[in-house]
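Colleague: Below are the sequence and a predicted model; questions follow.
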Amino acid sequence: MKKITLTRAVNEALREEMQRDPNVYIQGIGLRAVAPNSLTGGLHDEFGSQRVRTAPMDEPLIAGSCVGAALAGMRPVAELHLADFAFCALDEIISKAGKWRYMHGANNGMMLPIVFMQTIGGYVGGAAEHSQSPVGFYMHAPGLKIVVPTTPYDAKGLMKSAIRDDNPVLFFTHKLLGGTEGEVPEDDYLVPFGKAEVRRAGNDVTVVATSYMVSLALNAAQSLAEEDVSVEVIDPRTLEPLDLDTIVQSVRRTGRLVVVDEDTMRCGVGAEIGFQVMERCFSDMKSPVLRVGNPDLPVPYSPVLEKAVLPSSSKIQAAILRTLNPS
Amino acid sequence: MKKITLTRAVNEALREEMQRDPNVYIQGIGLRAVAPNSLTGGLHDEFGSQRVRTAPMDEPLIAGSCVGAALAGMRPVAELHLADFAFCALDEIISKAGKWRYMHGANNGMMLPIVFMQTIGGYVGGAAEHSQSPVGFYMHAPGLKIVVPTTPYDAKGLMKSAIRDDNPVLFFTHKLLGGTEGEVPEDDYLVPFGKAEVRRAGNDVTVVATSYMVSLALNAAQSLAEEDVSVEVIDPRTLEPLDLDTIVQSVRRTGRLVVVDEDTMRCGVGAEIGFQVMERCFSDMKSPVLRVGNPDLPVPYSPVLEKAVLPSSSKIQAAILRTLNPS
Amino acid sequence: MKPSTEQMLGLYKMMVRSRAFEEMVAEQVQKGHVPCSWMSGIGQEGTMAALCQLRSDDHMTYTHRGAYSFISRGSEPSRLLAELFGKSTGYCKGKGGRHIADLEHGVMGKSGAIGSHAPIAVGMATAIQIRGGDQVVISLFGDGTSNRGTTHSALNTSALWKLPIVWICENNGYAGAIPSADFTTFKAASDMAAAYGIPGISIDGNDPLTVYAVAGEAITRARKGAGPTLIELKTYRVGAFAIGAKDLRDPEEIMAWKQRDPIERLRRQLLEMDLLSEQLIASIDQEARIEMDSAVRFAEESPFPNPEDAYQDLYA
Amino acid sequence: MKPSTEQMLGLYKMMVRSRAFEEMVAEQVQKGHVPCSWMSGIGQEGTMAALCQLRSDDHMTYTHRGAYSFISRGSEPSRLLAELFGKSTGYCKGKGGRHIADLEHGVMGKSGAIGSHAPIAVGMATAIQIRGGDQVVISLFGDGTSNRGTTHSALNTSALWKLPIVWICENNGYAGAIPSADFTTFKAASDMAAAYGIPGISIDGNDPLTVYAVAGEAITRARKGAGPTLIELKTYRVGAFAIGAKDLRDPEEIMAWKQRDPIERLRRQLLEMDLLSEQLIASIDQEARIEMDSAVRFAEESPFPNPEDAYQDLYA
Ligand SMILES: Cc1ncc(C[n+]2csc(CCOP(=O)(O)OP(=O)(O)O)c2C)c(N)n1
Ligand SMILES: Cc1ncc(C[n+]2csc(CCOP(=O)(O)OP(=O)(O)O)c2C)c(N)n1
Ligand SMILES: [Mg+2]
Ligand SMILES: [Mg+2]
């Protein structure tokens, strides 16, 4: 085991998979000259400009050409940088990558093994067009796997699974998680999709949190432990496939659920997980599912306003307490 | 009162608002040569090619230029044709039209009065990229009003409200509703946003249905009436703003809710309305909210498959019966 | 780049088969056997003179129009029609309809949105370049589709990376009922090439032997790693935008273009060269008709998919 | 198109103020008073020679880089800085940060995505055309942004509709750390103009009087309804891509361009013309410094917004 950052873990996964499989290549804006400690740092020098391609600045081109390369047998990785920029390429990601295998009846093996890397998250003064965590859009679209890693171990193992997966995968790295350190094995390993991780066990309330929200939820759980409230925190790790069973098992025990996701709440991750849990656990529920997330506003710039809009540990605490004492 | 089709009603609204306000103009692909009985039929001949602009075939250009024109004081209407094509312009619609007023602190009156017209719906053999009803994406994004008219009366009055609204509005017309006939007053009238309509009163189960789904839900209600099941059918007419109160009042009475929306279900309209109702009506609920919609698949082409994927009256009936006899 | 006798005859047969397919589909659409419409490619078969030069390991992207691109790669009319009928024997098991893929013959999938294919062609060519092969990509786009921003960024990228792509703009003078002058300022779409510093040439798309020669050179150039070329084929669709749509164009203009039919032109030339006889012509026609008749039977007799099949094929 | 004495002096003062603003912001960013970074426009102030010719009822779209576009329209440094500080007195009440709008001065909003402004410029010009006014739009874009498909479809549309737009490509030779040759094949961005059949010209963007003359003609042309022009300004950003970012460019190249500073150039010319004296220069510099000092005080002393303000401004 060694201790590395999440960014480094993703970087290692990319490097090792590129070494392992000559069909893996990566493209994105500016890749020739990224910082050494970035997600793609050092890859250009190691693999050269054919396999680490500095792409023209047009997201539809970057994403769309991944579709073409995948059809031609490659395993492209698109580094799209901020998730906000990827909006320019939603036709390519949603309608091409997500739907083509199905629309073309699988065609005896049509595969679209593409990884779309995107960086998400607010809390850094990026304002409305540089702060989004638009995971909900992709969950609304069929055919796309969705990865939201929170630890270096998971990030590396999930990225390897993503690259080896024969389907399009959205891989979301949070701005504030890149520097998180954690232990990672020396040897090759995979983290499978569709298996949630219970980050903290508890009996009173279940909290499902995604990406950076997991750390906020753990803080909230820690604080509430001092008030004798026992909170279980579940990190789904992938949202498609979603390990609903782990969540349902927990909620059956606690009867209470708070879903925390940084994205806008309406038609978001919380709505969906909440709905599915209510369907499955209707009679177990002691109070309605609550969610903590962006109250359907663009992310504002000023730290004061950003704090008002984005989730925090104290907002999560408040929601947990509300599930315990519903009005 | 006169009897006209929904398409004609929208057409009249466009015509009358263009007559009323010289700042209203419309642009889209092929407008110079559309069929007389289409949404924009006859407008080019009446208003000329300056105000009914045949745009180059690029949705980002069409949607983005509406943003510019709105900033310059106009009230543009974009006829984007199929909602599927509008995916090419989601950066413009979601990040520009939806967020700019907020991001720029309103700037003493920044307004983006734009109507984005889109045609939605399956059931016509369009396959995955010509059949979507992607209302959920827009509901997930902040700052966009969403109109889903079902009758000629509403369509006309809501389109007029949309054009006069100082905010961006998504106006969704369903392929199968264009020919629906209904009475429309001779005089100018508006239908306000945010007021749901109870299309059929009932006591046992509440059904909220959007767009073409309303007619399927009414059929289902009619059939079930013969089995002595009394179904209330609510047509929200606009999804942002959403008249949750009308829905909540009904559910408080019935204790049961089915949400019917043609779009993919995950993170969709049903998830959201279901979640909010569960929050507000937790103790009134006799069984979990159910939804009928696309089970997260691209819409397939073959009629047999399309039928398997898209909602139908019988699927709605089945869901209603399940809320009455939850397993 | 001159085709051999065999190649010319092969091309001619292919064009006749494609035309027969289109005519047959039109009939089936009109009879109501096809649950969607179809955008006929009649009149634009000249493009086949480029496509027929692809090796089976080459790639192609195509447009919403016509079946000639599929036919030129070897797709079977029976399975194409079965797809349009929504039958389980169709190339996409009835899931795609007009949006056909046939991976076995290098028909890689059709976008519902125009302009999406150009970046896809860039990706295919990138794959070739990374692997170091000598395959090429032919990517077709319409004059209307030249409006899409994706077309431009793909052209730029192909020039920048010297990708093995032959871009073919099929300029049929219209997008829907709208004449080109209403949506683009390009006098010749090949003018675009100059902006990217790649060779661009405008030719008569209804003259198959010219198309063959010019495309052949561009293909050779791409195969050698010398980069992309943009060829504009000036052509015309003889039918309406889609089958059943109203045609607002000048009937005289349509008539004039019918006189310039690419198949008739090649037929005349081959007759002059004594490569065709009236008898051979008749037998090629008849063979095509028989093939299409049997395609109709195949499609008609094929079963619809099962409703449960809708739940398959989303993920690999 | 020659500027009057007054205009030249006005331009010079504006450029000095813009430079002083940029230097002040750089300091504030480095001090940690700005919760985001800032993309300095130092070295590219030559563009102001075009922008300063806009009437107050004209429109403009601008890029992510620099404040010179705002300053040239009349935005106040104090409120610009207050915005970057996230204060309620900022032009966007602290909601926008780098994404500044100042409607009163015709600064209409800044996109976080590059390339979105070109269609917006088309829309503004469309509004002018429909109303029949003689206003114009100047739309700026970087050389990297010329890659975006939106840039192309906007150019095409402007040419097609003969819109009153002056397109200005600020070619600073780089996008981030990547030199132009790595992302575009255009030798001169103005080559793009030819593809759309509009006038295109490449000039030294660091020579304000040339920029003034060439832009002036293009503006006149647009005002007369004769359509768009594309001007490429060859320029250079003297600082890194963003403040605090590592600069990977050749230090000699940077030095060489520093010698070609547009403000120094105009200063020398005005000195030669006897329109400036050393004394006047010093007083202009000092005035700018005083203005920026008071901007800092204003921004520092301004209150942050209230958390509840976050719930305002979404809808009109
Ligand atoms: C993104 C998108 N916008 C609009 C359409 C509707 N559409 C289908 S074909 C077409 C015209 C294409 O014209 P052209 O490229 O000249 O091809 P042609 O039909 O002439 O063969 C349009 C606008 C679409 N399919 N996709
Ligand atoms: C759609 C989108 N993709 C990527 C980015 C990230 N980005 C910001 S500035 C920039 C480079 C722009 O280069 P150029 O237009 O030459 O402007 P310069 O920075 O040189 O002034 C990029 C890629 C973005 N903001 N938006
Ligand atoms: Mg055409
Ligand atoms: Mg640049």
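Modeller: Arrived safely. Ligands and ions are numbered 1, 2, ... in the order given.

Colleague: what about the spatially closest residue to residue C:112 that is not a sequence neighbour, neighbour count?
Modeller: The spatial neighbour of residue C:112 that comes closest, neighbours along the chain excluded (C-beta to C-beta, 6 or more residues apart in numbering or on different chains), is residue B:129 at 2.4 Å. Every C-beta, even on glycine, is put in place using the N, C-alpha and C of the backbone. Burial of residue B:129 is recorded as 27 neighbouring residues (other C-beta atoms under 10 Å in any protein chain shown).

Colleague: can you map out the helices along chain C?
Modeller: With DSSP state H as the criterion, chain C has helices at C:5-30, C:48-51, C:68-73, C:77-84, C:117-131, C:149-160, C:191-196, C:208-223, C:251-258, C:262-272, C:278-301.

Colleague: Determine the set of other helices and strands touching the shortest one.
Modeller: Based on contacts counted as 3 or more C-beta pairs under 8 Å, 6 or more residues apart in numbering or on different chains; DSSP states H and E, the elements that helix C:48-51 packs against are helix C:5-30, helix C:68-73, helix C:208-223.

Colleague: In terms of secondary structure, what does the longest one contact?
Modeller: For helix C:5-30, the elements it packs on are helix C:48-51, helix C:68-73, helix C:77-84, helix C:208-223, helix C:262-272, helix C:278-301, judged by 3+ C-beta pairs under 8 Å, 6+ apart.

Colleague: ranking those by burial, who's on top?
Modeller: Looking across these with neighbours counted as mean count of other C-beta atoms under 10 Å in any protein chain shown, the highest average goes to helix C:48-51: a mean of 28.

Colleague: about what we covered before: just put the helices of chain C in JSON lines and tack on mean pLDDT.
Modeller: Formatted as JSON lines, the helices of chain C follow (pLDDT from 0 to 100):
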{"stretch": "helix C:5-30", "mean pLDDT": "98"}
{"stretch": "helix C:48-51", "mean pLDDT": "98"}
{"stretch": "helix C:68-73", "mean pLDDT": "97"}
{"stretch": "helix C:77-84", "mean pLDDT": "98"}
{"stretch": "helix C:117-131", "mean pLDDT": "98"}
{"stretch": "helix C:149-160", "mean pLDDT": "97"}
{"stretch": "helix C:191-196", "mean pLDDT": "89"}
{"stretch": "helix C:208-223", "mean pLDDT": "98"}
{"stretch": "helix C:251-258", "mean pLDDT": "96"}
{"stretch": "helix C:262-272", "mean pLDDT": "98"}
{"stretch": "helix C:278-301", "mean pLDDT": "98"}
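
Colleague: Quickly find the element holding the closest residue to residue A:7 other than its chain neighbours.
Modeller: Nearest residue to residue A:7, sequence neighbours excluded (C-beta to C-beta, 6+ apart): residue A:178, at 4.1 Å. Under DSSP states H and E, no helix or strand contains residue A:178.

Colleague: and residue A:178, backbone torsions?
Modeller: phi -50, psi -40 (degrees, to the nearest 10).

Colleague: thinking it is in contact with residue A:11, fair?
Modeller: No: using C-beta atoms under 8 Å, residue A:178 is not in contact with residue A:11, being 10.2 Å away.

Colleague: The residue nearest to residue A:7 - how many residues pack around it?
Modeller: When neighbours are defined as other C-beta under 10 Å, residue A:178 has 20 of them.

Colleague: what about it, distance to residue A:263?
Modeller: Distance of residue A:178 to residue A:263, given as C-beta to C-beta, to the nearest Å: 19 Å.

Colleague: and what of residue A:113?
Modeller: 26 Å.

Colleague: Show the contacting residues for residue C:10.
Modeller: residue C:52 (C-beta atoms under 8 Å, 6 or more residues apart in numbering or on different chains).

Colleague: My error: substitute residue C:232 in the last question.
Modeller: Here residue C:232 is in contact with C:168, C:169, C:171, C:188, C:189, C:190, C:200, C:201, C:202, C:203, C:205 (C-beta under 8 Å, 6+ apart).

Colleague: before we move on, back to that, now the helices of chain C in JSON lines, with distance to residue D:229?
Modeller: Compiled in JSON lines, those are given as follows (distance: least, C-beta to C-beta, whole Å):
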{"stretch": "helix C:5-30", "distance to residue D:229": "45"}
{"stretch": "helix C:48-51", "distance to residue D:229": "37"}
{"stretch": "helix C:68-73", "distance to residue D:229": "40"}
{"stretch": "helix C:77-84", "distance to residue D:229": "49"}
{"stretch": "helix C:117-131", "distance to residue D:229": "28"}
{"stretch": "helix C:149-160", "distance to residue D:229": "19"}
{"stretch": "helix C:191-196", "distance to residue D:229": "16"}
{"stretch": "helix C:208-223", "distance to residue D:229": "33"}
{"stretch": "helix C:251-258", "distance to residue D:229": "35"}
{"stretch": "helix C:262-272", "distance to residue D:229": "41"}
{"stretch": "helix C:278-301", "distance to residue D:229": "54"}
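
Colleague: Residue of the stretch 201-327 of chain A nearest ligand 4, please.
Modeller: Closest to ligand 4 within the stretch 201-327 of chain A is residue A:301: 24.2 Å, counting by C-beta to the ion.

Colleague: How is chain A partitioned into domains?
Modeller: Split into domains by automatic domain parsing, chain A comes to A:2-184, A:197-324.

Colleague: Those domains into CSV, with extra columns for distance to residue B:106 and mean pLDDT?
Modeller: Formatted as CSV, the domains of chain A follow (distance: least, C-beta to C-beta, whole Å; pLDDT from 0 to 100):
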stretch, distance to residue B:106, mean pLDDT
domain A:2-184, 13, 98
domain A:197-324, 12, 98
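
Colleague: Kindly report the residues of the stretch 151-300 of chain A close to chain B.
Modeller: Counting by C-beta under 8 Å from any C-beta of the partner chain, the residues of the stretch 151-300 of chain A close to chain B are A:263-264, A:266-272, A:274-275, A:278-279, A:282, A:285, A:287-291, A:296-298, A:300.

Colleague: Which of these fall in strands?
Modeller: When DSSP state E defines the strands, the subset of these inside them is A:263, A:264, A:290, A:291.

Colleague: picking that back up, in a markdown table, list the helices and strands packed on helix C:48-51 along with distance to residue B:241.
Modeller: Below are these laid out as a markdown table (distance: least, C-beta to C-beta, whole Å):
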| stretch | distance to residue B:241 |
| --- | --- |
| helix C:5-30 | 43 |
| helix C:68-73 | 48 |
| helix C:208-223 | 55 |
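
Colleague: circling back: just name the closest of the ones in strands among the residues of the stretch 151-300 of chain A next to chain B to residue C:67, please.
Modeller: Residue C:67 lies nearest to residue A:263 out of those, by C-beta to C-beta, at 43.4 Å.

Colleague: was I right about that closest one contacting residue A:291?
Modeller: No: here residue A:263 lies out of contact with residue A:291, judged by C-beta under 8 Å, at a distance of 10.4 Å.
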